[in-house]
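predicted coordinates and the sequence they were generated for:
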Amino acid sequence: MELLAWAREHGALVLEDDYDSELRHSAQPLPALGALDTARDTVVTLGSFAKVLGSSVGVGHLVAPDSLLPDLARTRAALGSPVSLIAQEALARFVDSGEFQRHTARMRRSFRRRRSLLSDVLGGLPHVSVLPMAGGAHAVLAVPDEDATIERARRRGVLVGALGEYWTGQGREGGERGGAGASSSLAEADRGPDERGGVVLGLTAPDRDVERGAQVLREVLGEP
């Protein structure tokens, strides 16, 4: 609320990237900042359905103050619509019917269950832990040797990401790490890449595949 008051006082706009708030599975989803802007004059909220419906849907949304809508509509018309009107209409009906809300609730339950499954399978390994995270479509596993874990898992057919790639700074090949594409939920794993390694596991696969991958990781991490 202090941010909204400051922005209103200084005539500023707050751009909110609502990246994956629907996937908060440790508690109720947090309200978007735009929902707290009751005067509807300060916040522009950008969102995407890619995380909850799949990237192939290719539909995003923008919620803006009424004063900006004419200019936004003219810009959209000038640029043309990259999304099929059929897809837009189908998604609008999906949201209006309440099915979208029920779908995201099922996803949150699935991701919470799969995180618990990972914790159960990988529990008890020395120097290994599933880091606490409030939400998102991934889990983060702290490991002693990030590179070795990723390579050993790859040889066993399990592909995991490097936590270090989600941090701003110098990447492993000298390039920039992280950036705008890094998930806000991954950033909750509050450790720098030089402090401790980690691997990132997706939670969108079926339970049996997540369990199979976790078993392979347990064997990999148990290797001398």
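Received, thanks. Remember, it's a predicted structure, so these values are computed and weren't measured experimentally. Residues are numbered from 1 along each chain as shown.

any idea which helix is longest in the chain?
In the chain, assigned by DSSP state H, the helix with the most residues is helix 99-122.

helices or strands up against that helix?
Judged by 3 or more CB pairs under 8 Å, 6 or more residues apart in numbering; DSSP states H and E, helix 99-122 is in contact with helix 50-53, strand 129-130, strand 138-143, helix 207-221. In this view, the C-beta of every residue, glycine as well, is placed from N, C-alpha and C.

how about residues contacting the helix or strand just after the first one?
Taking DSSP states H and E as the definition, the helix or strand that follows helix 50-53 towards the C-terminus is strand 60-63. Counting contacts by CB atoms under 8 Å, 6 or more residues apart in numbering, the residues outside strand 60-63 that touch it are 32, 34, 43-50, 72.

by mean pLDDT, point me to the weakest helix or strand of the protein.
Lowest by mean pLDDT, DSSP states H and E among the helices and strands of the chain is strand 176-177, with a mean of 44.

for the very next helix or strand once past it, which positions count as buried?
Next along the chain after strand 176-177, taking DSSP H and E as the criterion, comes strand 197-202. By neighbour count on 16 or more other CB atoms under 10 Å, the buried set for strand 197-202 is 197-201.

circling back to that earlier point, most packed of the helices and strands packed on helix 99-122?
strand 138-143 (a mean of 23; mean count of other CB atoms under 10 Å).

the helix or strand that that strand is followed by vs strand 197-202, what angle?
Counting by DSSP H and E, the next helix or strand C-terminal to strand 138-143 is helix 146-155. Taking axes from the mean of the first three to the mean of the last three CA atoms, to 10 degrees, one finds that helix 146-155 is oriented at 40 degrees with respect to strand 197-202.
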